[in-house]
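Asks: Next input, structure requested:
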Amino acid sequence: VTEYPDGGVTSEAEAIAVGGPAMTVVTLATAFVLETLVESKDKESMPEWVTKIKDIYANNIVACVWLLQSLMTHRSKLREYLLQFPTATRKAVAQIVSFALGRVAEYERSSYPDPAHPPTPAPVAQRAGGEAESKGD
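Replies: Here you go, the predicted model:
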């Protein structure tokens with residue numbers, strides 16, 4: 001079990017350094033599922049691989065952070081996985097991403113805004129020409 005990386009991870013190399021030797025397994029297994037298995041015609045082993053990936057991610061929060069940051073860096077790939085691939089692939093990727101999001105949320109929930117007390121927007125003042133000016137400008 002790894003510790004939560006408060007500052008995130010900025011690269012695969014950093015993820016491996018912070019997440020320990022298990023990150024090599026994580027990156028290889030994730031690459032296999034997201035780059036090879038999703039492209040194959042035979043999707044019968046996909047549920048088994050999703051279970052294996054989730055088991056790996058369950059014990060390595062750094063892996064979850066790495067996956068989410070990687071997908072945000074490569075948004076076109078995420079879009080492709082979730083919108084353009086067959087349904088079985090979309091479901092598998094969504095399950096993996098959802099699992100990683102849930103794991104990270106456990107550590108970041110205290111940073112979420114409180115819906116009962118939403119932030120107050122900055123006041124807006126009028127400039128001489130009638131344009132709105134934010135107090136933060």
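Asks: Please, which helix or strand holds V62?
Replies: helix 61-73 (DSSP states H and E).
Asks: Now the element after that helix, going C-ward?
Replies: Per DSSP H and E, the helix or strand that comes after helix 61-73 is helix 75-79.
Asks: can you give me the helices for the chain?
Replies: Using DSSP state H, the helices of the chain run over 12-19, 22-31, 46-58, 61-73, 75-79, 87-108.
Asks: Please render those as CSV that adds mean pLDDT to the earlier fields.
Replies: Shown next, in CSV, are the helices of the chain (pLDDT from 0 to 100):
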stretch, mean pLDDT
helix 12-19, 81
helix 22-31, 89
helix 46-58, 92
helix 61-73, 91
helix 75-79, 88
helix 87-108, 91
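Asks: quick one: which of those is nearest A125?
Replies: helix 87-108 (34.5 Å; CB to CB). All C-beta atoms are positioned from the backbone trio N, CA, C, and that covers glycine.
Asks: What residues sit buried inside that closest one?
Replies: Neighbour-count burial for helix 87-108, counted by 16 or more other CB atoms under 10 Å, picks out T89, R90, K91, A92, V93, Q95, I96, V97, F99, A100, R103, V104.
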